[in-house]
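Engineer: Can you look at this prediction? I've put the sequence above it.
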Amino acid sequence: MSSPLILASEPATERPRRLLIALGAALIAATYVFLVVVQPAEIAGGMGSAASLVSLFGFLGGGALLVGGILPMLTTSSLVIMPLGIALNIAIGQIAGSLGMQIYLDAIGTVLVAVLAGPAAGAATGAISNAIWGLFNPFALPFAAGAALIGLLAGLAARYGAFRRVYLAPVAGLVVGAVGGLVAAPVAVFMFGAAGTFGTNAIIAVFRSMGDKLLVAATKQGLLSDSVDKIVVFVIVALIVYALPQRAVRQFPFARTYRVLGSRTGTASGTMSVSGAGVGAGSTGASTTPARGNDTGVP
Amino acid sequence: MPRRRIYNPLTELLAAVLLVVLVLVVNRWEFSLAVLGLVVLPAVLLSGRPRQIGLAVTLIAGPLLVSSLLLHGLFFPEGTTVLLDLGVARVTAEGLAFAALMGLRMTVFTAALLTVAMTLDLADLLATMTHRGWNRKLVFVVGSAVGLIPHVAERARHITRAQQARGLIVGRGPLSRARALLTVLTPLVIGLLVDASEHTRMLEARGFSSPGPRTSYLPDSDTARQRAARRAMVAVVGMFSAAWLLTAAA
């Protein structure tokens, strides 16, 4: 890393545009409050077109502002894994959706990026990934703000130690999933009349047959599906990052600074790659681990 | 066989998005049907790959349509005109109308965006974004993510085959599925992350984080006339939406 051809590192982390971030967050919050407080009565008969417009523009615009504010402050190492997270989200989410599962599994990449590169990168990954996915599957588009929120919360959870122990990850997943479900429900209702996969619609149908309003039924379904989904996603991501070679984890300043993986991030103990072997995935992971120990020079 | 490109990808994307906005604003099944028949269908037929687009639209919108019809057709407690009483479920006219409205909206949504996306020349779009001076980090993330998706899918297939050769059997239970997912995901993510760290170094060596404007190797396919047309489209749709919503509210 000392070649004269390499530019001085990290000067490009321009100042985050706090105004843009604040505006984006405010827009998303205002949209959500508007949808929940002002509109629910209208849902029964043909719903007002204003509601779907507000949800589209509020959440998409808020997501775009957030991304615009966050991108300038990201380092190259964060930027490089964002496409990876996006590709994982879309590839796995598409499979889960086409199998008609009751959970979505479309946030594995977002949570992975959030754990390794921090809440800002996680939020940007979530928003951009739904925007790109929208080109293949337009139903993902309006959920961009919810995905950004999940990335943000997952990053914060990682920062405060939710991934240092494997049993803490599902707890964090439960909380993040509940919040995510609350935010996603009005979007699903106002944009698509709560249409989802067969699995999620079956759950809504149960609540509807009990006489719930559509928004209430969709919110209950969101709370249920999203919590379970995020618990699964957080556990999967925790098991994956525990199996990662240290070199791969330590290239991320966020993971180093906040000791996201606890003792696994440090130079000391050799407990890593064992948890991966427990689920039968360790062999490929372990074959890359010899890097440990001979790269202490990585900054 | 992609069709000959007439308009800049940015113009086409914007047109599709504005069409979706119009459908949302007007919010009537007659209008959605008209848009579908008069605008989207000809666009699909002229796109040069109608069969693939038709298949994709069916695959994505079809299940949603069916499940939406089942959900609202059978369970719509607000409905008063009962057509068929099945005990727990009742078929109501209001529920069916709601399902039709939502179903047509979803079909327009899917068909318009998919037609543009499936004929999109990504390199052209990225070049246009660079020429228009969009944030280069955004251009990088979008470009490499879209490029990475087929790569990830291909790699996941290889790893799945390798693990199956080593005795991976996916059972029906959720636990077995989760284990199978992990045995494929872990090596996949590790490989991708190792690649990513190499990319970081390569990009740094090529001055990725240095400030300053970027140039694109591809020529700018955008024209002043198309820029004007894009602004005009946004203005017209914006004014129409405002007028429509105001008259509806009054």
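Structural biologist: Sure, I can see it. Numbers count the residues shown, from 1 in each chain, chains lettered A, B, ... in the order given.
Engineer: buried sites along whichever strand or helix holds B:F98?
Structural biologist: Here B:F98 sits within helix B:93-118, counting by DSSP states H and E. For helix B:93-118, the neighbour count (16 or more other C-beta atoms under 10 Å in any protein chain shown) marks B:94-118 as buried. No exception for glycine: its C-beta is placed from N, CA and C like everyone else's.
Engineer: Can you sort out which of these also neighbour chain A?
Structural biologist: Among the buried residues of helix B:93-118, the residues lying close to chain A (C-beta under 8 Å from any C-beta of the partner chain) are B:94, B:97-99, B:101-102, B:105-106, B:109-110, B:113-114, B:116-117.
Engineer: Tell me which stretches of the stretch 101-250 of chain A form helices.
Structural biologist: For the stretch 101-250 of chain A, the helices defined by DSSP state H, counting those that start in this stretch cover A:108-117, A:119-136, A:144-159, A:168-192, A:198-209, A:214-243, A:246-250.
Engineer: Just send those back as CSV, with mean pLDDT and distance to A:M82 too.
Structural biologist: As requested, the helices of the stretch 101-250 of chain A are exported to CSV (pLDDT from 0 to 100; distance: least, C-beta to C-beta, whole Å):
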stretch, mean pLDDT, distance to A:M82
helix A:108-117, 94, 6
helix A:119-136, 89, 5
helix A:144-159, 92, 10
helix A:168-192, 85, 19
helix A:198-209, 74, 27
helix A:214-243, 86, 15
helix A:246-250, 82, 16
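Engineer: Just tell me which of the ones you listed ends up closest to B:S241.
Structural biologist: helix A:168-192 (16.2 Å; C-beta to C-beta).
Engineer: Any part of that closest one near chain B?
Structural biologist: Yes - Helix A:168-192 lies within reach of chain B by C-beta under 8 Å from any C-beta, at A:F192.
Engineer: Off-centre distance for that helix?
Structural biologist: With C-alpha atoms, centre = their mean, to the nearest Å as the basis, helix A:168-192 stands 11 Å off its chain's centre.
Engineer: do stretch A:211-223 as well
Structural biologist: 23 Å.
Engineer: CA-only coordinates of it, as CSV, when you get a sec.
Structural biologist: Provided in CSV are the C-alpha atoms of stretch A:211-223 (Å, rounded to 0.1, in the frame of the first residue of the first chain):
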residue,chain,number,x,y,z
GLY,A,211,-63.0,-8.6,10.0
ASP,A,212,-59.9,-6.5,10.2
LYS,A,213,-59.4,-3.5,8.0
LEU,A,214,-56.9,-3.9,5.2
LEU,A,215,-54.3,-1.6,6.8
VAL,A,216,-54.6,-3.3,10.1
ALA,A,217,-54.5,-6.8,8.6
ALA,A,218,-51.4,-5.9,6.5
THR,A,219,-49.7,-4.3,9.5
LYS,A,220,-50.3,-7.4,11.6
GLN,A,221,-49.0,-9.6,8.7
GLY,A,222,-46.0,-7.2,8.3
LEU,A,223,-45.2,-7.4,12.0
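Engineer: which residues in chain B form strands?
Structural biologist: B:82-86, B:89-92 (DSSP state E).
Engineer: averaging pLDDT over each of the ones you listed, which comes out lowest?
Structural biologist: Sorting the strands of chain B by mean pLDDT places strand B:82-86 lowest, at a mean of 69.
Engineer: Kindly report the domain assignment for chain B.
Structural biologist: Residue ranges for the domains of chain B, per automatic domain parsing: B:9-120, B:135-205.
Engineer: ok so, going back, okay, the helices of the stretch 101-250 of chain A, which one's buried deepest?
Structural biologist: helix A:108-117 (a mean of 31; mean count of other C-beta atoms under 10 Å in any protein chain shown).
Engineer: Name the surrounding residues that touch that helix.
Structural biologist: With contact meaning C-beta atoms under 8 Å, 6 or more residues apart in numbering or on different chains, helix A:108-117 is reached by A:74, A:77-78, A:81-82, A:84-90, A:92, A:121-123, A:125-126, A:129, A:147, A:150-152, A:154-155, A:158, A:163, A:233-234, A:236-237, A:240-241, A:249, A:252, A:254-255, A:260, B:185, B:189.
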